[in-house]
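Peer 1: Dropping a prediction and its sequence here:
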Amino acid sequence: MRLIVHGQQAYGKSVLEAILEKDVDEVVAVYCAPDKEGRPLDPLKEFALEKGLPVFQPESYKNPEVWEQLASHDADLCVMAYVLLFVPEEALNVPKYGSIQYHPSLLPWHKGPSSINWPIIMGKEKTGLTIFWPDNGLDTGPILLQKEVDIGPDDTLGSVYFDKLYPLGVEAMMESIELVRDGNAPRVVQDPDDGSYEGWCRKDDVQIDWSKGTDEVYNLIRGANPQPGAWTTFNDNEVKIFDSRKADASGEPGSVLSIDDSGAVIATGDGSIRVMKVRADAGKLAVADYAAESGLAVGSKLGS
């Protein structure tokens, strides 16, 4: 088939690499996000240019001139690998077989832009990915293919994405292209009354309330690691908390129960969390270094 690859960043690049390596279909155009002043080239754009592929970077896909440009490629399928701009059906339906898109959750659950964060924060033990046929809704189009992954008890946003959903997502996209090429690609309509939608996981969503139970606090930290970073305060200064583990001690919520080279144990509403890495004004630090710099000590109180 003649393919348009539309995406950005490392995942978009990996999908393009996999398509070129397989050498079955022809990539006739690459679309990616517009350049940002002062920022490095998008990895997808850089790789596409290295391979001599034509690259296009529309500011919007609502423009009829962009639809005409898409039509000029005479493509069979558009492969959307990490696309943040809204693409209307007038653009999605230009290729012969339309467009397919990657979404890192098991649709219809966790529609929306932070679909990896929220299942972890909610304490779920499974998530997955969906390749679907996008429409004018937000992650509402018919489902082509799904893959499930476990969320381990100590998994973070970073480990679920980079170790599981990223590599599996590249494989799933390749499998989906093959299904379309062979005429066997399903279109399972989503039930509009089923599933869930969550918005961006932002800073305001991930402030730690140490009076909550250990599981709830730990899930919040894991689901925001590395972005946007669960946070608390010490001496009125913001501190983001990253690497952590559950601990066995107990005490007044938010109080520091112990500090050593392995981290600081902070009391929750029904137990404690061992915090190993934080980010403060001086950058990302081991807790022992942060304690020496900030004056954090046994008996100190976080979040007040």
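Peer 2: Yep, that arrived. Numbers count the residues shown, from 1 in each chain.

Peer 1: I'd like the next helix or strand past the helix or strand where residue 120 lies.
Peer 2: Assigned by DSSP states H and E, residue 120 falls within helix 117-121. Later in the chain than helix 117-121, the nearest helix or strand by DSSP H and E is strand 126-132.

Peer 1: Name the residues that touch that next one?
Peer 2: 100-107, 110, 116, 119-120, 139, 141-151, 160, 165, 168-169, 172-173, 176, 190 (CB atoms under 8 Å, 6 or more residues apart in numbering). For the C-beta atoms, the positions are set from N, CA and C on the backbone; glycine is no exception.

Peer 1: CA-only coordinates of it in CSV, if you can.
Peer 2: The C-alpha trace of strand 126-132 is given here as CSV (Å, rounded to 0.1, in the frame of the first residue of the first chain):
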residue,chain,number,x,y,z
LYS,A,126,-4.3,-3.9,33.7
THR,A,127,-4.3,-1.5,30.8
GLY,A,128,-3.3,-1.8,27.2
LEU,A,129,-3.4,-0.1,23.8
THR,A,130,-5.9,0.3,21.0
ILE,A,131,-5.5,0.8,17.3
PHE,A,132,-8.7,2.4,16.1
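
Peer 1: which residues touch residue 266?
Peer 2: So residue 266 contacts 210, 254, 255, 256, 257, 272, 273, 274, 275, 302 (CB under 8 Å, 6+ apart).

Peer 1: Looking at the contacts of strand 126-132, which are in strands?
Peer 2: Filtering these for membership in strands, criterion DSSP state E, returns 100, 101, 102, 103, 143, 144, 145, 146, 147, 148, 149, 150.

Peer 1: For PyMOL, write the selection for the buried entries among the residues you listed.
Peer 2: Selection command for PyMOL covering only the buried members of the ones in strands among the contacts of strand 126-132, criterion 16 or more other CB atoms under 10 Å:
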select buried, resi 100+101+102+103+143+144+145+146+147+149
